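Engineer: Below are the sequence and a predicted model; questions follow.
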Amino acid sequence: MSDEKRGEQAADEEAPTGSQGTGQSAAHGDTTSLTDVARDNAASSVTTSGRGAAAFEAEQARKEAVSEDVNDPERIRAQIREFRREHGLADTADGATTGATGSGAVVGDRSRFDLVVRGRRVLGRAGFQPREVGVVDGRIAAIEPLGSGLHGERVVELKDDETLISGLVDAHVHVNEPGRTDWEGFASATRAAAAGGVTTILDMPLNSIPSTVNGPALEYKRLVAAPQVFVDVGFWGGAIPGSKAHLRELHDEGVFGFKCFLLHSGVDEFPHLEPDELEEYLEELTGFGAMMIVHAEDSRAIDRAPHAEGDHYRRFLASRPRGAENLAIAEVIERTRWTRGRAHILHLSSSDALPMIRSAKADGVDLTAETCPHYLTLLAEEIPDGATAYKCCPPIREVDNREQLWEGLLDGTIDYIASDHSPSTLELKDLDNGDFGVAWGGISSVQLGLPIIWTEARRRGIALEQVVEWMSARPAARAGMLRKGRLTLGYDADLAVFAPDATFVVEAGRLHHKNPITPYEGKALSGVVRRTFVRGAEVDFQTPHGRLLRRGEA
């Protein structure tokens, strides 16, 4: 592969950008032309390797121009005005809160509830117990021993093989709408989430066009999302060169934190920060208590690694060495230490970094880390040549690495699990050729995360309570959600009816993900989500009633 193509491998969002989603209207006329510009991003992305200084600087200038054009606030405001006109929306509407709140008694009135769920295995703070749960106006208003006889407008009786758990909170989901809705969109992504027992997602700021790097872009994304979501949805903001002035604006508008890359993101409209810029932005975020979440791979290490072309997975794995993660994570730790900021490591795959993270936490650095289902269950040794459905960045690593990641979860070094649901079209996965150097990197798994992790956890003797803690309570707490992630009084009635002993075989074509591709195809998994409730209303997969969340109000 040429040096020009190597930039494609820079992130879990790497790839030639997809065409505009068919769900976008003529209101996105400007975006369509910008999509044409962005479509060749990865193909024209370069590293310094093998390039003259002048050519490199020219390419950097081109990338900056793409980013400035795509993310220009005035251009986005024009798109918003056109979108409102096309959809008959008032100029003051922002779609920030949608969906019914429920009816019946006020919270605290225990004479009658909107919903009562009864079962022998209801997960609370004391573990699984026989309980009745009463819901009023979308919140949990009563948790009583089974047999208490709570009265409800609707009563759900769990079957003997079913448990009631809190809905999951997936803090790392790429929805890609507006702009790349053929990859995924809010309707398909949130249906898939609900089918997997996920009741809240946090959407990443890139792969949509524009990126969520300023106030107008956030408003535009909310407008598009509001009428479509089947679960509750919050948003991360983006931190890119030149966006420092927009950080406080986005924070005040309710984003849950800010994402940055330490190497090329794969799309030129979302450029990466250099380590000194990361420190500068952390300093800025510290002023108002916001968190930076980081795709931590070091571009210098990857520049010097072998090229990734061909259908051999081992060659691709060598192109994304553990050392690239380790170097970048060390940068994040020290810059966070120096600024006294708040930081979070995304999709940790290198177990080598665990001692650094453990040490930083012991020193009082405000740092957390997540890992993903694919790093905890799949193995590099078992990936067939040409199987580009497995490609993601950082990559799936070897068995010894996987075992140490589980140890890191169990001892608390890794804080929680998130899907990094990162979809694309089938074409971008280069399925015909199976070339890991060409295929887009990312794994779609928001619907499968719970059974994937539960299947592996139960094999290891890990309780379901712990799995739910990793996939619900902890991500909600780190994101600052005050009423999500636990089945307890006063919290949102986000509930999943889960049959832990039921089994199924994964069929990509039956998933709600827009594009039917998954590395879990044909795998037998334990645990079936049978019903999902968002704020006390059951998801019917026909009528969206999710809400858009703001930090401090969720």
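Structural biologist: Structure received.

Engineer: List the contacts of the nearest residue to residue 521 once chain neighbours are set aside.
Structural biologist: The spatially closest residue to residue 521, leaving aside those adjacent along the chain, is residue 508, at 5.2 Å (Cβ to Cβ, 6 or more residues apart in numbering). Where you see a C-beta, it was placed from the backbone N, CA and C, and this is true even at glycine. Shown in contact with residue 508 (Cβ atoms under 8 Å, 6 or more residues apart in numbering): 516-518, 521.

Engineer: of these, closest to residue 373?
Structural biologist: Checking those against residue 373 with Cβ to Cβ, the nearest one is residue 518 at 11.1 Å.

Engineer: what separates the closest one from residue 452, distance-wise?
Structural biologist: 10 Å (Cβ to Cβ, to the nearest Å).

Engineer: Between those two, which is the more surrounded one?
Structural biologist: residue 452 (26 against 22; other Cβ atoms under 10 Å).

Engineer: coming back round to it: now do the same for the residue nearest to residue 521: its pLDDT.
Structural biologist: Confidence at residue 508, expressed as pLDDT, is 97.

Engineer: Burial check on residue 371, number of neighbours?
Structural biologist: 25.

Engineer: Confirm for me that it is in contact with residue 347.
Structural biologist: Yes: in this structure residue 371 lies within contact range of residue 347 using Cβ atoms under 8 Å: 6.7 Å.

Engineer: re earlier: which two of the contacts of residue 508 have the greatest separation?
Structural biologist: Maximum pairwise distance among the contacts of residue 508 (Cβ to Cβ): 8.9 Å, between 516 and 521.

Engineer: In three-state terms, label residue 525 for me.
Structural biologist: Using DSSP: H, G, I helix; E, B strand; the rest coil, the structure places residue 525 in strand.

Engineer: hang on, it packs against residue 506?
Structural biologist: Yes: Residue 525 is within contact range of residue 506, at 6.4 Å (criterion: Cβ under 8 Å).

Engineer: residues shared between the contacts of those two?
Structural biologist: With Cβ under 8 Å, 6+ apart, residue 525 and residue 506 have common neighbours residue 448.

Engineer: Show me the helices in the stretch 401-550 of the chain, by range?
Structural biologist: Remark: helices assigned in the stretch 401-550 of the chain by DSSP state H, counting those that start in this stretch are 449-459, 464-468, 474-478.

Engineer: Which of the three states applies to residue 172?
Structural biologist: At residue 172 the chain is in strand, as set by three-state DSSP.

Engineer: got a list of what the most centrally placed residue in the chain touches?
Structural biologist: Nearest to the geometric centre of the chain sits residue 172, at 1.6 Å (Cα atoms, centre = their mean). With contacts defined as Cβ under 8 Å, 6+ apart, residue 172 is in contact with 202, 204, 346-347, 370, 372, 418-421.

Engineer: what's the answer for residue 61, then?
Structural biologist: Residue 61 neighbours (Cβ under 8 Å, 6+ apart): none.

Engineer: gap between it and residue 268?
Structural biologist: Residue 61 is 11 Å from residue 268, by Cβ to Cβ.

Engineer: My read is that residue 143 contacts residue 131, right?
Structural biologist: Yes: judged on Cβ under 8 Å, residue 143 makes contact with residue 131 at a distance of 5.7 Å.

Engineer: who touches both of the two?
Structural biologist: Each of 122, 124 lies in contact with both residue 143 and residue 131 under the rule Cβ under 8 Å, 6+ apart.

Engineer: between the two, who's got more neighbours?
Structural biologist: residue 131 (25 against 18).

Engineer: That one: what secondary structure?
Structural biologist: Relying on three-state DSSP, one would call residue 131 strand.

Engineer: Start at 430, not 1
Structural biologist: OK, 430 is where the count begins now, so the last one is residue 560.

Engineer: Just give the nearest non-adjacent residue to it, would you?
Structural biologist: residue 551 (3.8 Å).

Engineer: Now do the same contact list for that neighbour.
Structural biologist: Residue 551 is in contact with 557-560, 562, 572, 587, 592-593, 916, counting by Cβ under 8 Å, 6+ apart.

Engineer: Adding distance to residue 922 and pLDDT as columns, could you present those in TSV?
Structural biologist: Below are these laid out as TSV (distance: Cβ to Cβ, whole Å; pLDDT from 0 to 100):
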residue	distance to residue 922	pLDDT
557	18	98
558	17	98
559	19	98
560	13	98
562	8	98
572	11	98
587	15	98
592	16	98
593	11	98
916	9	98
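
Engineer: Neighbour-wise, give me the winner out of those residues.
Structural biologist: residue 562 (27 neighbours).
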